[in-house]
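Colleague: Predicted model, plus sequence, below.
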Amino acid sequence: DQQVKQNSPSLSVQEGRISILNCDYTNSMFDYFLWYKKYPAEGPTFLISISSIKDKNEDGRFTVFLNKSAKHLSLHIVPSQPGDSAVYFCAASALGPGGFKTIFGAGTRLFVKA
Amino acid sequence: DTGVSQDPRHKITKRGQNVTFRCDPISEHNRLYWYRQTLGQGPEFLTYFQNEAQLEKSRLLSDRFSAERPKGSFSTLEIQRTEQGDSAMYLCASLREGPTGELFFGEGSRLTVL
């Protein structure tokens, strides 16, 4: 069962415009939601996170919105830059007896056109 | 460079052979994770260590897979009698202490089984 879903495999945006990447989850027990960015031939790198008790977190050009009732979160990048072209993974983490467990979505490939 | 390092970066092997991957986490991180990523998918959790103790293993980790972290520092992931379905990117990550569960990933070890 996919607990974290990214239904858009790819997204193409013009430079300077807003990129909106979406993510849905099924488990209400997640404590934190995170976005990771991955360039080819590199491991994923952490981008931004949001606590399950918040509805918005902003860091520079990146803002994550959380809608708990809809079990939906989104990452907004504005303005988009060509260097933002990468695969973005939505992830959800829960703290259990054994420590953190993080589950990833399948990713959305973002193309930012100059 | 004090990031997570993995070795080898690429491994091509014939079906039935054994392979071993090594991960050196960030030195001050005591939690270490192994993930597997296949094309078009996000990272899938395999197993997790806190210091030298292996605390959780995924159902994905068949009997042919074994992971160790003997001194609580580096970790190894061994796959015995490799199958073509084992072809994937094997990612190691260490966990930054804090409430979010932010993972620091290595660049991965890509396995190709012929």
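Modeller: Done, it's in. In this text the structure is predicted, and so the values were computed from the model without any measurement.
Colleague: quick one: stretch A:86-106 near chain B?
Modeller: Yes. Stretch A:86-106 lies within reach of chain B by C-beta under 8 Å from any C-beta of the partner chain, at A:89, A:91, A:93, A:95, A:98-106. The way it works is simple: take the backbone N, C-alpha and C, and place the C-beta from them, glycine included.
Colleague: Looking at those, which gets the smallest pLDDT?
Modeller: For the residues of stretch A:86-106 next to chain B, the least confidently modelled position is A:Gly98, at 69, judged by pLDDT.
Colleague: remind me which residues of chain B are low pLDDT?
Modeller: For chain B, residues meeting the criterion pLDDT under 70 lie at B:1-2.
Colleague: Chain A contacts on chain B?
Modeller: Proximity of chain B to chain A is assessed by C-beta under 8 Å from any C-beta, with B:4, B:31, B:33, B:35, B:40-45, B:48, B:50, B:55-56, B:91, B:93, B:95, B:99-108 identified as the residues in range.
Colleague: try 6 Å this time
Modeller: Those residues of chain B that sit near chain A, judged by C-beta under 6 Å from any C-beta of the partner chain, are B:31, B:41-43, B:50, B:55-56, B:91, B:100-102, B:105-108.
Colleague: out of those residues, which is most surrounded?
Modeller: The member of the residues of chain B next to chain A that has the most neighbours, counting by other C-beta atoms under 10 Å in any protein chain shown, is B:Pro43 with 29 neighbours.
Colleague: Now it: closest residue in space, sequence neighbours ignored.
Modeller: Across the structure, with C-beta to C-beta, 6 or more residues apart in numbering or on different chains as the measure, the residue nearest B:Pro43 apart from its sequence neighbours is B:Tyr35 (3.8 Å).
Colleague: what's around the one you found, how many residues?
Modeller: Neighbour number of B:Tyr35 under other C-beta under 10 Å is 26.
Colleague: In terms of helix, strand or coil, where does it fall?
Modeller: Here B:Tyr35 is strand, with the state taken from DSSP: H, G, I helix; E, B strand; the rest coil.
Colleague: Bridged to it, which residues?
Modeller: Counting by DSSP bridges, B:Tyr35 forms beta bridges with B:Phe45, B:Leu91.
Colleague: May I have the helix or strand of chain A with the lowest mean pLDDT as PDB, with CA atoms only?
Modeller: Least confident helix or strand of chain A, by mean pLDDT, DSSP states H and E, is strand A:99-104 with a mean of 86. Extracted in PDB, the C-alpha atoms of strand A:99-104 (Å, rounded to 0.1, in the frame of the first residue of the first chain):
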ATOM      1  CA  GLY A  99      13.000   5.500  15.900                       C
ATOM      2  CA  PHE A 100      12.000   7.400  12.900                       C
ATOM      3  CA  LYS A 101      10.500   5.700   9.900                       C
ATOM      4  CA  THR A 102      10.300   7.700   6.700                       C
ATOM      5  CA  ILE A 103       8.200   6.800   3.700                       C
ATOM      6  CA  PHE A 104       8.800   8.400   0.300                       C
END
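Colleague: Cool, thanks, talk later.
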